[in-house]
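S.K.: Sequence plus the predicted model coming up.
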Amino acid sequence: SMSGIELAIDCPLVKAPDATIRQQISYAQRDDNGLKLTSFELNPHYMIEISPTVQIGFGPGFGYLTAESNGMDDSAITLQAGASVHYQQGAITAGLEMRHQWATTDLEAGTELDVDNARFMAKVGYHF
């Protein structure tokens, strides 16, 4: 499992016809058997309104990933692709997202690591 925090805002600079571009900025960490992965990501999603309370979206992403293990550490630029569904009732939001992440290089953190991964995320938030 992985935990983190995400800030999602409707992009004030780019407007899409009949849709919204939602910029998702996230920070997440995973610590497993002495290997600590830290990821910072930017994931804009093209959001389409299905109903007044439900939106679906998809989009690319890029980020920066670090891996630390036994005094060794390395980092890589990452690319992502994701799809999501969001539900909003008043100020409370909930969502599900599937995201695949590819590191542009293999990492060296004690041994060579392939940190490409797929994630299924459940999100709960507050809409300001």
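M.R.: Sure thing, it's come through.
S.K.: which secondary element of this protein has the worst mean pLDDT?
M.R.: Lowest mean confidence among the helices and strands of the chain (mean pLDDT, DSSP states H and E): strand 111-113, at a mean of 62.
S.K.: Each with direction, which strands does the helix or strand that comes right after that one pair with?
M.R.: Proceeding C-terminally, strand 111-113 gives way to strand 117-126 as the next helix or strand, assigned by DSSP states H and E. Taking DSSP bridges as the criterion, strand 117-126 sits next to strand 92-103 (antiparallel) in its sheet.
S.K.: what does the strand it pairs with contact?
M.R.: 39, 41, 43, 61, 63, 65, 76-88, 114-127 (C-beta atoms under 8 Å, 6 or more residues apart in numbering). C-beta coordinates here come from the backbone N, C-alpha and C atoms, glycine included.
S.K.: cool, stretch 4-21 as well?
M.R.: 22-29, 39, 44-49, 55, 123, 125.
S.K.: Just the buried ones among those, please.
M.R.: 22, 23, 24, 26, 28, 39, 44, 45, 47, 55, 125 (16 or more other C-beta atoms under 10 Å).
S.K.: Please narrow those to those residing in strands.
M.R.: Applying DSSP state E to those, the entries found in strands are 22, 23, 24, 26, 28, 39, 44, 45, 47, 55, 125.
S.K.: so the first one sits right up against residue 47, yeah?
M.R.: The one in question is residue 22. Yes: contact criterion C-beta atoms under 8 Å: residue 22 and residue 47 qualify, at 4.9 Å.
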